[in-house]
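Trainee: dropping a prediction and its sequence here:
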Amino acid sequence: MLFNFAHAADGAASPEQGIMSFLPLIVIFVLFYFMLIRPQMKRAKEQKNMLEALQKGDEVVTSGGIMGKVVKVSESSVSVEIAENTVVLVQKATIQTLLPKGTIKSSV
């Protein structure tokens, strides 16, 4: 004895209900964009501009924490003087911060 019950199908969802079901997802995406994506893009642009403007005599800090004065800038690397007569060659991308002039002498 098998009984098949016929159920009436619910009416099609109205367009307003479809939009309302996606509204929380849209709000989350907008918040995600303004809270995470946009500030990260802004920081990356500032970092790129700083690296392009790097020149001889600038005082910098690398991502490894080495402070020094820029001696030579090439396309992909930078020569940084970390002590008198001690120059290291670092990749340009490892330069993290550009310090104000005179910072190294005042911190030593």
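Mentor: Nice, thanks for sending it over.
Trainee: name the nearest residue to Q96, sequence neighbours excluded.
Mentor: Of all residues not flanking Q96 in the chain, S63 sits nearest, at 4.7 Å (C-beta to C-beta, 6 or more residues apart in numbering). Glycine gets a C-beta too; all of them are placed from N, C-alpha and C.
Trainee: check V61 too.
Mentor: Distances taken as C-beta to C-beta, 6+ apart place T97 nearest to V61, at 4.4 Å, with adjacent residues excluded.
Trainee: where does the one you found fall, secondary structure wise?
Mentor: Taking DSSP states H and E as the criterion, T97 maps to strand 95-99.
Trainee: check the offset of the longest helix anywhere in the chain from the chain's centre.
Mentor: Longest helix in the chain, counting residues (DSSP state H): helix 15-32. Helix 15-32 sits 27 Å away from the centroid of its parent chain (C-alpha atoms, centre = their mean, to the nearest Å).
Trainee: quick check: next helix or strand after it?
Mentor: Next in sequence after helix 15-32, counting helices and strands by DSSP H and E, comes helix 38-52.
Trainee: what's in contact with that following helix?
Mentor: The contact list for helix 38-52, computed with C-beta atoms under 8 Å, 6 or more residues apart in numbering, reads K92, A93, I95, L98.
Trainee: among the residues you listed, which two are most distant?
Mentor: Of all pairs drawn from those, the greatest distance, 14.0 Å, lies between A93 and L98 (C-beta to C-beta).
Trainee: any idea how many residues pack against the closest residue to S76 other than its chain neighbours?
Mentor: Leaving aside its chain neighbours, S76 sits nearest to K92 (5.7 Å; criterion: C-beta to C-beta, 6+ apart). Taking other C-beta atoms under 10 Å as the criterion, the count of residues near K92 is 14.
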